[in-house]
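Student: One predicted model, sequence on top.
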Amino acid sequence: MPNKIRDFIDLVACVFVLMVILQSGSAMADSWPQERREHLRVCWEIPDFKEEKQWVANAIEREYGSRQLLNVVEWGECDAMPDANIRITIMDQGPHTRGIGPQLDQLEHGVVFNFTFMHWGRSCKAQRRECIEGIAVHEFGHVLGLPDAAIPMGGDSATCSGVQLATQEVQSDVVIGEDSVMNYCNPNWRSGRLTGTDLVAIGSMFQLQGK
Ligand SMILES: [Zn+2]
């Protein structure tokens, strides 16, 4: 029972952060100019976790790099890369980003990953690699410029009942599909695989922004 309560608190905190982001108007997609997203430099603020970091790099290359959606030219430690575009920290809490797209440029703790799942997301302890890769593909959707796709509309956020998918009215520029990795009410959001609708959303984001 305490685990369930903890998971519920995590989810409430996550939804609260999402609502703050929405109120601040960052729900709009916001990507990098093409030249910059093809030359991103990414650093880790925390040492160790060599194997987990490699899982993340491989998943990002497989889903984004191989499709020329985003290209990381260098992964390293932040101590050695003070001007890296994306700074990732590792904490045992709900993974998230502190903005989307270029808002994250050189931002300290800009992206937060969880590699241990001792407190948050305990169900991931038995399948750490799948969870780490799946969450990485979601968080790098934010790095690329996509917002979260699920919007609480007065329903039960804990079960996603009554939570609506962000629509044209809410996001106004890019429509994200129900099976998207950006829709955390999609049971497969941690699949670690971009779906056809993700690719359409990313394509329209690039096109609309002329990037
Ligand atoms: Zn998210």
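Tutor: That came in fine, so what should we check first?

Student: Every contact and neighbour count from this point should use C-alpha atoms.
Tutor: Will do.

Student: Before we move on, what's the pLDDT of the residue nearest the centre of the chain?
Tutor: Compute the mean C-alpha point of the chain, and by C-alpha atoms, centre = their mean the closest residue is Glu139, 1.6 Å away. Here, the pLDDT recorded for Glu139 equals 96.

Student: Could you do the one 3 residues further on as well?
Tutor: Looking at His142, its pLDDT is 94.

Student: Look up the closest residue to it, ignoring the ones flanking it.
Tutor: Ile100 (4.9 Å; C-alpha to C-alpha, 6 or more residues apart in numbering).

Student: ok, that neighbour touching Val143?
Tutor: Yes: shown here, Ile100 and Val143 form a contact pair, counting by C-alpha atoms under 8 Å, at 5.5 Å.

Student: what's the overlap in contacts for the two?
Tutor: Residues touching both Ile100 and Val143 (C-alpha atoms under 8 Å, 6 or more residues apart in numbering): none.

Student: Return the helix or strand in the chain with minimum mean pLDDT.
Tutor: Using mean pLDDT, DSSP states H and E, the weakest-scoring helix or strand in the chain turns out to be helix 168-171, at a mean of 43.

Student: roughly how far apart are Ser66 and Asn58?
Tutor: Ser66 sits 10 Å away from Asn58, going by C-alpha to C-alpha, to the nearest Å.

Student: and those two? which has more neighbours close in?
Tutor: When Ser66 and Asn58 are compared for neighbours, Asn58 comes out ahead with 14 against 11, by other C-alpha atoms under 10 Å.

Student: which strands and helices sit next to the helix or strand that one falls within?
Tutor: For Asn58, the element it lies in under DSSP states H and E is helix 50-63. Here helix 50-63 touches helix 128-144, going by 3 or more C-alpha pairs under 8 Å, 6 or more residues apart in numbering; DSSP states H and E.

Student: and the helix it packs on with helix 50-63, angle?
Tutor: 50 degrees (axes from the mean of the first three to the mean of the last three C-alpha atoms, to 10 degrees).

Student: CA atoms of helix 128-144 as CSV?
Tutor: C-alpha atoms of helix 128-144 as CSV (Å, rounded to 0.1, in the frame of the first residue of the first chain):
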residue,chain,number,x,y,z
ARG,A,128,15.6,-1.2,-15.8
ARG,A,129,16.9,-1.2,-19.4
GLU,A,130,13.5,-1.1,-21.0
CYS,A,131,12.4,1.7,-18.6
ILE,A,132,15.6,3.8,-19.1
GLU,A,133,15.4,3.5,-22.9
GLY,A,134,11.7,4.2,-23.0
ILE,A,135,11.9,7.2,-20.7
ALA,A,136,15.0,8.5,-22.7
VAL,A,137,13.0,8.4,-25.9
HIS,A,138,10.2,10.4,-24.2
GLU,A,139,12.5,13.0,-22.6
PHE,A,140,14.4,13.5,-25.9
GLY,A,141,11.0,14.2,-27.5
HIS,A,142,11.1,17.2,-25.1
VAL,A,143,14.7,17.9,-26.0
LEU,A,144,13.7,17.9,-29.7
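
Student: Show me what it packs onto, helices and strands only.
Tutor: Helix 128-144 packs on helix 50-63, strand 96-97, strand 111-113, going by 3+ C-alpha pairs under 8 Å, 6+ apart.

Student: how about that helix: buried residues?
Tutor: Buried residues in helix 128-144, counted by 16 or more other C-alpha atoms under 10 Å: 128-129, 131-144.
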